[in-house]
Structures are given as C-alpha cells and as structure tokens.
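> no sequence on this one, just coordinates:
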C-alpha cells in the first residue's frame, strides 16, 4: 500500500468517525457541500456507518441524492431514513425515477408509505406541497437565493426557516430576501410564523386562518411537529372554487359528485330523491292555496297576481340565502351571529319591500283600477318579502346549528317557506280585506 493510499484511508476513517459522532453538525457540513461531492464521498465510505447523519439531512438534499445516486447507494439510504422522509422524497421524484426507487423499498415500508398517503380529502395533507426547500437560520441570503435557483422552484411567496430538528422556526418573504444584503443571515431578517397547521387540519380551518391573518402560504407540520409541506395560495383558491361548486349543486339537490358528462343512470339516481322531496313540499304549499279556494273563486284577479307575490318573495329569500351561505363557507359568520343577521335582513327587507310594494301597487292599480286590490298586493308584498328574507338567513343557520350541511337542502326548504309565506300573506290579507276588492 502506498503512502498516498494510506493517507486517503486514514482521512476517510476520520471523516466517518466525525460523521458518526456529531450527526447534527456533520449534516450541516454535508449540506454545505455540492451533491457531487457527497456522492463521491459515499463511493469511498460505507453509508451504513453514518446512518445517524443521513437521518439529519434535509429532504431537498435527500431528493437530489435519490435522483442521482447509484441503485446500491439508494438501497442503503432507504434502509436508513424514516418512512416519513422516504414518503416526502418519493413524492418529489420524477415518475420514472420514482418507479425505480419504489421497486427497491421493502414491502413493509411501502405499506407504511401508502398509509401516510391516505390523507382525507378534507385535510391539509391532501392539498399541501410537500416538495419544499428547507432553509436554516444560519444560512445567508445569497445561499438561500442560490438554493431556490438550483431547485428552479416557482411561485414561492414566503420561505419557511426550520431549526436543526426540522421544526418551523421563522419565515421571510421573497421581497425581503431580494432587498437584503447577500451576507445577511436568514435568522436576522426573518419574523415569527403567526400560525401553523398539521397535515390533518381540515381545509375549512386553513381557509379561516388565512383569512384572519392575511397569509398566502401556510406551513404544515406532522404529528411530531416537523415541517412537511406548505399549503399554497393557488391550491386554496382551487379548493375554494371546488367547495363553491359543490355548494351550488347541493343547494338545489344535485350530488356534488355529478359532472356535466356523468352517466344518465348516475344522474337520475342522485337527483330523483331530492325531486321527490321537492314534490312533497310543493304539495304542502299547494294545500295553502286550497285553503283559500273560496276566496280565489270569488275574486279571480287574485289567481293572476299570486305568482307575482310568490316569485318576488322567492327571489328575496334566495338573496339572503346566498349571502348567508357565503358567510358560513368563508367563516365570516357563525351560528352565534343569528340575531345580528336576522335583524340585518329585517331592516333590508323592510326597505326593499316598501320600494317594490310601491312599484307593484302602481302597476296593479293601472291594470285593475281597484284601490282595495292595490292595498292588498302592497301590504302582502312587504310582509312576504320580510318573512322570506329572514327565512333565507335563518334556514342555513338552523341547519348548521343542528350539525347538518347547510348546502345540502337549504334551497328546497327555503322554496317551501317562501311559497307558503307568499301564498298565506297574499290570500290571507285578501280574505280579511275582501270587502275592499
């Protein structure tokens, strides 16, 4: 053995000893080196001897290693790192490379990875970006910018800085990063993170938190408090649009699973039950009209004007329902705000009801020439619009209070209420004031 070879072997032994004895510091030193240098080192030493250091490496370094290392090296890495780390790496790899790496993972670990991937569709884990770049307080601004460039990561508004345990430490905006001096430390220009969510946090809670704190990105941690991903602004917008679409469909008794090109049999199966319910409520409203059969038979003009009152009260209720549903969906209001909402709708409907009643009364007088009929339509219009507006706010609040989804049947229930209120107010007042017609 030559002197040069002996020196190299001795140097490698010292490196292995350092990496094994001081894993946290050694991991930081390795991350400061290029990936090529790390790969060359792995060719000279046994990875199994430095497992404690490998476990400390950031996900972005591990992703690069899995993307470029030989199959033997990747197999060794798989046996060392945790299932959580392995899951994050697999998510970030390109499809072909990912398939190759998955073939190297033992079945037991694959099952655990699949379990991690089974996030509920309503949780942060299902929409978070797990292909994240990890930054540390000791990194300089120049190093951070270079790291972002090397990963070619687009759409970043905020960067999240983690400690040596992989837990979120602070954050900084891209704007702050760009205007800072190259040699400044991230820890000096960052600020505290106002809120965190776990990978199991419901999406509606994330939307509420972002609305309150005016954030564009939200850091996500796992059960151990380690930084595992970011819920991005565009992902939240997509979720909000999907929820809005589902809400619109459910409000009119259409399944949230139905699409424009769904099979006829599927659509019929999903729609028919609610249509039957709607038919039942329609009969209920019709029974109110039947109760005033004699009045309608005596004054046929009432039958002509009945749809006007019912239609106007229905539109009024729908406006109040839409505003209330939006407030509940965006967490702007809670069921405890019921009194404030009802009083607000009462004031609005009194004003709009009076204006619409005056317009309607004028039209009816020109048509019929009857002051009595004009008075009846005017009074009933105000009364029906007030009741419909208050019902539009009350129905979704009551359903939410009972633990039901307000979007599921609010529209059908409201239609029944507004029809009954409209028919009852118009025909009831007409019966009381029949002598004036």
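On my side now, so go ahead. Computed from a prediction, not measured in an experiment: that's the story for all the values here.

> could you identify the helix or strand that succeeds the strand or helix carrying residue 10?
Per DSSP states H and E, residue 10 falls inside helix 3-21. Later in the chain than helix 3-21, the nearest helix or strand by DSSP H and E is helix 23-32.

> contact partners of that next one?
18-19, 38, 50, 52-53, 55-58, 61, 136, 138, 164 (CB atoms under 8 Å, 6 or more residues apart in numbering). Where C-beta positions appear, they are placed from N, C-alpha and C, glycine not excepted.

> show me these that map onto helices.
Assigned to helices by DSSP state H, the following of the contacts of helix 23-32 qualify: 18, 19, 38, 52, 53, 61.

> the last one: how many residues sit nearby?
Think residue 61. 18 (other CB atoms under 10 Å).

> check the fourth one too.
Residue 52 has 16 neighbours, counted by other CB under 10 Å.

> likewise the second one?
Using other CB under 10 Å, residue 19 has 24 other residues around it.

> hang on, the earlier thing: need the max-distance pair from the ones in helices among the contacts of helix 23-32.
Farthest apart among the ones in helices among the contacts of helix 23-32 by CB to CB are 18 and 61. That separation is 17.7 Å.

> returning to what we had before: now, which of the ones in helices among the contacts of helix 23-32 sits nearest residue 269?
Nearest to residue 269, judged by CB to CB, of the ones in helices among the contacts of helix 23-32 is residue 61 at 51.4 Å.

> for the closest one, give me its contacts.
30, 31, 35, 38.

> ok, how many other residues are close to the second one?
A count of neighbours around residue 31, defined by other CB under 10 Å, yields 18.

> roughly how far does it sit from residue 387?
Taking CB to CB, to the nearest Å as the measure, residue 31 falls 67 Å from residue 387.

> tell me how far residue 427 lies from residue 193.
Residue 427 sits 61 Å away from residue 193, going by CB to CB.

> so the two - more neighbours on which side?
Between residue 427 and residue 193, residue 427 has the larger neighbour count (other CB under 10 Å), namely 24 against 16.

> surely that one touches residue 299?
No. The criterion here is CB atoms under 8 Å, and residue 427 misses it with residue 299 at 9.9 Å.

> among the contacts of helix 23-32, which pair sits farthest apart?
50 and 138 (21.5 Å).

> those two: who's more crowded?
residue 50 (24 against 13).

> show me what contacts the residue lying closest to the more buried one once chain neighbours are set aside?
In space, residue 50 comes closest to residue 19 once its chain neighbours are excluded; the distance is 4.1 Å by CB to CB, 6 or more residues apart in numbering. For residue 19, the contacting residues are 26, 30, 49, 50, 53, by CB under 8 Å, 6+ apart.

> mind putting these into a markdown table with distance to residue 353 and pLDDT?
Output for those, formatted as a markdown table (distance: CB to CB, whole Å; pLDDT from 0 to 100):
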| residue | distance to residue 353 | pLDDT |
| --- | --- | --- |
| 26 | 75 | 87 |
| 30 | 73 | 87 |
| 49 | 82 | 86 |
| 50 | 78 | 88 |
| 53 | 74 | 88 |
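
> and the two most separated of these?
Pairwise distances across these (CB to CB) peak at 14.1 Å, for the pair 30 and 49.

> and the two? Which one has more around it.
Between residue 30 and residue 49, counted using other CB under 10 Å, residue 30 has the larger neighbour count: 20 against 13.

> what comes into contact with stretch 131-147?
By CB under 8 Å, 6+ apart, the surrounding residues in contact with stretch 131-147 are 28, 58-60, 63, 91-92, 148, 151, 153, 156, 159-164, 166, 169-170, 177-178, 180-187, 189-190, 227-230.

> strands - which of those residues land there?
Of the contacts of stretch 131-147, the ones assigned to strands by DSSP state E are 159, 160, 161, 162, 169, 170, 227, 228, 229, 230.
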